[in-house]
Each structure stands twice: as structure tokens, then as C-alpha cells.
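[1] My questions concern the predicted model and sequence given below.
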Amino acid sequence: MEGNSQEYGRPRRPNAETVSYLNGLPIDEKLASEQVRAYVDSFQQNNDADNTSAEAAEFPALVNATHAALSSVFNEIASLACEEIPAQQIETLVRIACRYSAAAKRVVLASLSGYWVFLSTHRFGSHVAQTVLRCAVAECEVNLDEFDDKQDECEGKMVIDDSYASILQENTSFVPEILLQAFEELKPFATDLTVHVCGTHVLRTALCILAGVEFVDAFAKPNGNKYDGSVNEWESGVLSATRRGKLKDKKKKKKKRKPDSDEGSSAENKATVMKKMNMIADCQTTDFQNNADVMLKDMVQVLSLSDATNNVQPPGELQQRTCHPSGGPLLVQIVRLLSYRDSSQHEAKKQVKDSADRRLGILPDEPKYSTGSDAEVFVHKLLCWDASIPVEGDEANQPHAGDIIYGLSGEPRGSILLETIFRSCPDEFHNALCVAGGFYDENTLKEYIYHGVSNFVVQALLNSLRSRNQANKMVKCLSPIIEDGSLLQPKKHRGPSDDQIDEKCDNKSIQRMGIIWRAVEMVSNSGSAQDQEQLIHALMRGFASMSSSGDDDAAKKDSEGKKKRSKSKGLSAKGCIPLLLGLTVSSDDEPYSSGERLTLNAAGARTMYHIFQFTERLRSDWVNGFLNLYGTNDLAKIANDGLGSRCIMDGLLDGPAKEVASKSLYSKLFNRLPFLAAERVGHHVVMKLFRALPYDDKAVMSAELSHSLNRLGSNAMGRSVMATCAVKEYLEGENAWKEALAKQKVNEEWLKDIIGEDKGSGEEAGDKSRKKRRKE
């Protein structure tokens, strides 16, 4: 390996007969799982029936065959892992064996001893190494070695003894010891594996095991496979991922349309969160945890390419690796792992409310490290940050950090590292980063926003601001940039003159609706009423500038005496909404098609959601403008669209404007309520509209829905609406209907007392809390 003169083991080429034997094994993980479930269920049924005379079920044949196959190829597993088809078979055998046997974990780990470095750098061997490491520490779904099968000796234990007796006698070490030995093999070569396309993935798996943490999808699919009422990790969790290295189908697939680069619409879909790894009991002992902590610190020290001291070093190889396609993601993972470990130690008893929402683009909160932690030391090394130099006002006298932040923001991998640091750093350091990186300077901020990569760093910064003072500074810098309309221009408005401000001279688009969305979200959550007003007026003037710039050619032909539209106040809210949503107004005279799909600007819809949370003085024009602009057909399409329903309709019906919005939506959607009530998305709007209406209107709505019982009863969505709107109780009589609503009200109040009620945003929330304290 380049840059390292140490030797490491290389396995021989596998025996041809062994390869043929392995390729011919009829091993199927799904079938093995079914056999094990049938085996376990048979004993549970016998226990429930108290039938002691029933015949014992047969031990799962595929599990028995798996153990026999692993024992026969034990000495060649490392060699077989370097061949394409045998490597896939080995992975399948490992997954089945480790899923149902604790002893098999020792066997598969011992089989790769001495070959970890070579396998980590191999195209197919690296996949096997990751699978072995992850499955070896995972809890067994059912440990058949100790399963109570009502016999004198456990049959699973007998199978293990027959298959691995000689192997376990030669390899007496247990799983924690073998794991630490494997990591010791990798540690001297960690710096080379960091930038290796295969080795970096093995290092990531090793670091996760040492930290006891794993990464899972933030927005997991709602329908997962369940067993015995609980989610099974081996089937619908982290361990259920498609087998690495699996051959792809040769059938040509259609190319998917790439999302707009300015909105970052795929960022929230790829977001991950960290959770504690479910490990075997041997890996949860105090001794292993202490040894793992020491090993993790040693690994981080090696990967940081620095000496044992915490002295600041000038930029060098470490900073180059932050932008490396393999090294950059590994360094990001280290920052997140160290932050998680530090925050879990200080906030073990603190319960954090999960407010993540995929439709709204609200990402899960990232664990934040504390001052003086290992994570802070590592971040300072990455940014060459000198902690001895304080940040005074708007000046940061850091010799290298400013240039490094500026450089990382423009790199695809380095920018992700910078985003991670913004989300996980302490409040004081967040402000210091903004100062050092020049994000409080209008010209520098404009350069960041116009860049195709660094604009995502600005979005992460806006999304992670910690104080109202920071929000005020950002609004002052953003307002002039938004006012000129350059961030709002659609592609057709871009001209050759814009090349001067686009670093890559790309004429296609510089639209940055993601910046607008995150800025409005920022002032809605952390800004004052003055910040909200300043930003909303800048947005209105920006749309006016954008629309007027498109009419420049026509304006030149007009007489000079003709008065042009004033841009001091900008477009009205009613004029901005179609441009923000990308949805033109259609006529209600046109026939409505229930299957017609709606296309909304994702960032614009999310912007509208947060505008609806502004103070009443600022949001009223936007609420009334939206309700007066769109007719019944458009509102029905929005209500039946996933993005429109969650961002716009929920923003109106769940927000502070629900009293005004509910009456207007009720009158316009009244004739479409039976249709929406039986739709997958639309029925949510119907139920929320019912809850927001006054008492008399609820009675009329229940009466209207009662005429469509056949349609509502045809699917689960309609039946849910019938229960929420008390449609059947309405037909039974007034008293029954009132009693049903009274029960619902009690349940809603009880739920609000538990989870808390939304108290508005901005100064409204403060006013409500102050009034509540006065009453008390």
C-alpha cells in the first residue's frame, strides 16, 4: 500500500473445487427465515396448548446447511471473499449464520483474521468485511444455540458442536477480543484506507462499532416488515439493506429526472440520524466499552494526521482530504460520531422532541458537542482554528480558518463537512464561524449564494442559527440581495450579462429559491417581527424587480413619458404567490379531473408555510391573497397533493390563521368534500377543516358527508373521515352527534396537555406566554 511499508496478509487464490461447491449451494436467506419462524412458532403453539406429546419440529434445514458450509470452507473464506460470485455466497452464509447463532459470530470473525487490510482494499472483499463486522456485533434475531426446544440437549447447540467444534477449540477468543484485534490490524493503515475507494467504507463500519452508533434513514418508509409486533432489524432495519455487490439487473431503466440544484430537494430525502447500535451482550460490557473508547481515540488521532498535542497546524494534507471523494465523507462521519457521544453523555436524561418533517424539509436535530470535547478538538484541527484567539465583534483574527471555510464551501464534499459543523457546533462557535467565513458581509454572502455548491452551506447556516441577534444580522445582509430579484429569476430570464456574477459562467439558472425558503424559515422560528417585515418586503420588491426586468424590451419601446410601475413597495402578496408556488390560476369553469397531477415549487410551498406563521399584521395579506386568488378547482388539487396539503393547507388549518382560512376553504371546497374525503391525501385536509370549523358549520359538513356514505365506506380514508366528522352519529340524532364531538374534544385537550400546543410564532408566542403568566 502506498505510503506504508508495513506488511499485511494476502490470501491465496481459492481452490476451484471449493468455488464450484460454494456456487452450487442453494442458500436463500428469506427461505431460511421462514423455516426458523416456523420452527420457533411450533414450540410456542405447543406451549400455549400445553401439548407435551406433540412431535418435535425439525431443525431448520437451511440453517444447518449454512453452518456445515461455513465449517467446510472456513480456511478459505478470505480467499473466496475476493471472487465476485463466491463473495456474494459468503455474505449470504454470514448473514444467516450470525442471525441465528452467537457462536457463528466468533467463527466468521476468526476466519478473516490477518487479512483485514487486504480485504478492505479489495473490490469484493471490502463488502464481505463490512458484512462480517456489522453482523458479528448485531443481536441475534433468535439464538438457536440456546433455544429451549424441550429436549435434553438443545438441538441448535448440537448443530454448532458438529460444525464448529474443532474451529472453536483452536480459536478460543470471544467476539470483543477478535474485533479489537481486527481494528488493531487496520489502525497502522488507516491513513491510506481513508482515501481508498473501498477501504474508507470498512473504516466507517469500524468507527460506528467502536462508537456503538449507527446511521439510519431520517425519514424511513412507514410500511416496514414487522414480526411479533415489533420491527425486525434484520428485515426492515439497518441490516436489511440490499446485499452489497449484488449483480444489477441488465434491463435498461428509465433515467430519473434530477431535482433542481438550487432547491436541495433531495437533501432531506437522504438525511440520516444516529441511534444506539443494538449489540450483543459481550460488546456491552464495561471492559469492551473502555477498550473501544481508547481505540476510537487512537483511530481519530491517526486520521487527523497530527501529533499527540492539540496545537494548531497550518493547512496541509488533512484539509485536502476533506474534499476527497472517499476521505471527506469519512471525516464527516467522525465529526457526527464524536458529537453524538459527547451529547449523549451530557444529555442522557433529556428528551428531545422529534420535529423532523420530510414534506416541510425540516431535518432532524443534530447532536451538538460541547466546549472542550474531543469533537471540538477534531473540528479545530480540520479548520486550523486557533482557540487562543478570541472573536471580537465582527472580526475574527484567525490566520487560516477564514480561507479554509471559504475553500470548503465551494467543494462538493468539503461543503457537506462545513454543513455538519454548522449543525453540530456550540452556539458560540457557530457565531464565530459566521464571522470568520464572512457570512455577515453582504458581498461575501452574495458570492456564497451565487455559487452552485456553497449556496447549500448558506442554507445550512440559516437553518441552524442559534439566536435572534444572528437572524437580525443575516436579514440585513440578505434583504438587498433578495431585492434585486436575481435569486428569483427563472431560467428564461437569465442573460449573457449574468455571466459576470456566476463563477462558472452557467447561463441556465441562478434561481436560489432554497435560500428564500430557509431565510423565511429562519425569521419565522428565530426572528423578530421587524426581521419578518424586512424580509417579506424584500421578497415582494424582488418579485417586482424580476417581473420588470422581463419587460425591459417592451418598456424601451414605450414613450419615455409613460410612468413605470414603482418598485418601492414591490408586488402585492397576491401577485407574488403564483410566482412563488409556480402555479398559475385556472378557471373553475374548466372540467375538474381527479387524476390530474399538480406541480408545485417545493421551496416556494415551504416558504408559504412559514409565511402563514408570521405575525397577524404580516401574514393577513398573504392568507387573504391566497384564498382569494385560487378557485375551487385549484384548491382541490392543492388539497389532494402531498406537498400542497402538508405545506399550504396545513399551514392554514394548523397555524394561527386557521379561523379565517377555515371559513373560506369551507365555502370553496364544500362541493368537493365527499371526493376529497375518500382520497389518500385529501382526507387529511377534510378532517383538519372539520376540527377548525365552528359548531354550526360542523353540523352542515356532517350532513353533506352523510349523503356519500357508500363512497366514504369504500376505503379506509373515507371511514376515517366518517369517524372524525361523526357522520354516523349525525344520522342517529343530534344528541348522539354532540356526544361524539364532546368525546373528541376531551381527547384533543388531553393530547394537547401531553405534547403541548402550538402557541404561534414570533412575538405572538411571547405575548401569549406573558398573558398566561399574568393570569397565574
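    That came through, no problem.
[2] Every contact and neighbour count from this point should use C-alpha atoms.
    Will do.
[3] List the backbone torsions phi and psi for Asn360.
    Careful, residue 360 is Leu and not Asn. phi -80, psi -10 (degrees, to the nearest 10).
[4] gap between it and Ser714?
    Distance, Leu360 to Ser714, using C-alpha to C-alpha, to the nearest Å: 31 Å.
[5] pLDDT value on Lys349, please?
    The model reports Lys349 with a pLDDT of 44.
[6] err, Leu652, not the other one
    On pLDDT, Leu652 comes in at 95.
[7] residues in contact with it?
    By C-alpha atoms under 8 Å, 6 or more residues apart in numbering, the contact set of Leu652 is Tyr609, Phe612, Val623, Lys658, Ala661, Ser662.
[8] Touching, the fourth one and Ala692? I think so.
    Yes: with contact defined as C-alpha atoms under 8 Å, Lys658 reaches Ala692; the gap is 6.5 Å.
[9] The two: which is more packed in?
    More neighbours surround Lys658 than the other of Lys658 and Ala692, with 23 against 19 (other C-alpha atoms under 10 Å).
[10] returning to that earlier point: can you tell me which of the contacts of Leu652 has the most neighbours?
    That'd be Phe612 among the contacts of Leu652, by other C-alpha under 10 Å, with 28 neighbours.
[11] next one: phi and psi at it?
    The phi and psi values for Phe612, taken as degrees, to the nearest 10, are phi -70, psi -10.
[12] Go ahead and confirm it touches Arg619.
    Yes: at 5.6 Å, Phe612 and Arg619 qualify as touching, with contact defined as C-alpha under 8 Å.
[13] Give me the residue at the spatial middle of the chain.
    The centroid of the chain falls nearest to Ala271 when counting by C-alpha atoms, centre = their mean (2.3 Å).
[14] ok, and the closest non-adjacent residue to that residue?
    Of all residues not flanking Ala271 in the chain, Ala218 sits nearest, at 5.5 Å (C-alpha to C-alpha, 6 or more residues apart in numbering).
[15] go on, Leu70?
    Leu93 (7.1 Å).
[16] Look up which helix or strand the one you found falls in, please.
    helix 84-100 (DSSP states H and E).
[17] That helix: how far from the chain's middle?
    29 Å (C-alpha atoms, centre = their mean, to the nearest Å).
[18] got the buried residues for it?
    Residues of helix 84-100 classed as buried by neighbour count (16 or more other C-alpha atoms under 10 Å): 85-100.
[19] wouldn't the residue nearest to Ala271 be in contact with Pro364 here?
    Yes: at 7.0 Å, Ala218 and Pro364 qualify as touching, with contact defined as C-alpha under 8 Å.
[20] Mind listing the shared neighbours of those two?
    Joint contacts of Ala218 and Pro364 (C-alpha under 8 Å, 6+ apart) are Val273.
[21] hang on, the earlier thing: can you give the contact residues for the helix holding Leu93?
    Under the criterion C-alpha under 8 Å, 6+ apart, residues 19, 22-23, 27-29, 32, 63, 66-67, 69-70, 77, 80-81, 104-105, 108, 124-125, 128, 131-132, 135-136, 139-145, 234, 243, 245-246 lie in contact with helix 84-100.
[22] Among those residues, name the buried ones.
    Buried among the contacts of helix 84-100 by 16+ other C-alpha under 10 Å: 19, 22-23, 27, 29, 32, 63, 66-67, 69-70, 77, 80-81, 104-105, 108, 124-125, 128, 131-132, 135-136, 139-140, 142-145, 234, 245.
[23] just checking, which of the residues you listed belong to helices?
    The members of the buried ones among the contacts of helix 84-100 that map onto helices under DSSP state H are 19, 22-23, 29, 32, 63, 66-67, 69-70, 77, 80, 104-105, 108, 125, 128, 131-132, 135-136, 234.
[24] List of residues touching stretch 455-470?
    Residues outside stretch 455-470 that contact it (C-alpha under 8 Å, 6+ apart): 262, 264, 409, 415-416, 418-419, 422-423, 427, 430-431, 448-449, 471, 512, 514-515, 518-519, 521-522, 526-528.
[25] If we use 6 Å, what do you get?
    Glu419, Arg423, Tyr448, Ile449, Ile515, Arg518, Ser526, Gly527 (C-alpha atoms under 6 Å, 6 or more residues apart in numbering).
[26] can you pull the buried residues of it?
    For stretch 455-470, by 16+ other C-alpha under 10 Å, it's 455-466, 468, 470.
[27] go on, stretch 368-384?
    For stretch 368-384, a neighbour-count test (16+ other C-alpha under 10 Å) marks 368-370, 374-384 as buried.
[28] what does stretch 301-310 give?
    Neighbour-count burial for stretch 301-310 [16+ other C-alpha under 10 Å]: Val302, Leu303, Ser304.
[29] Need the mean per-residue confidence for that stretch.
    Mean predicted confidence for stretch 301-310 is 82.
[30] Convert the C-alpha atoms of it to CSV, please.
    Coordinates of each C-alpha in stretch 301-310 appear next as CSV, following Å, rounded to 0.1, in the frame of the first residue of the first chain:
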residue,chain,number,x,y,z
GLN,A,301,-5.7,10.7,16.3
VAL,A,302,-4.3,8.7,13.3
LEU,A,303,-6.9,10.0,10.9
SER,A,304,-6.4,13.6,11.9
LEU,A,305,-2.7,13.4,10.7
SER,A,306,-1.5,15.4,13.7
ASP,A,307,0.8,14.9,16.6
ALA,A,308,-0.4,14.0,20.1
THR,A,309,-0.7,17.7,21.0
ASN,A,310,-3.7,19.9,20.2
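[31] to the chain's geometric centre, what's the distance from it?
    That offset, for stretch 301-310, works out to 31 Å (C-alpha atoms, centre = their mean).
[32] Make 46 the starting number, not 1.
    Happy to do that; since the first residue is 46 now, the last one works out to stretch 346-355.
[33] can you list contacts of that stretch?
    The set of residues external to stretch 346-355 that reach it, using C-alpha under 6 Å, 6+ apart, is Thr236.
[34] how about a cut-off of 7 Å?
    Defining contact as C-alpha atoms under 7 Å, 6 or more residues apart in numbering, one finds that stretch 346-355 is touched by Ala235, Thr236, Leu363, Val422.
[35] Ok, stretch 472-487 next?
    Taking C-alpha under 7 Å, 6+ apart as the rule, stretch 472-487 contacts 436, 439-441, 446-447, 450-451, 467, 489-490, 511, 518-519, 522.
[36] What about those residues, which are in strands?
    Val436, Glu440, Ala441 (DSSP state E).
[37] Quick one: the helices in the stretch 396-545 of the chain, in order.
    Here the stretch 396-545 of the chain has its helices, by DSSP state H, counting those that start in this stretch, at 419-428, 446-454, 457-469, 472-481, 487-495, 499-508, 513-528.
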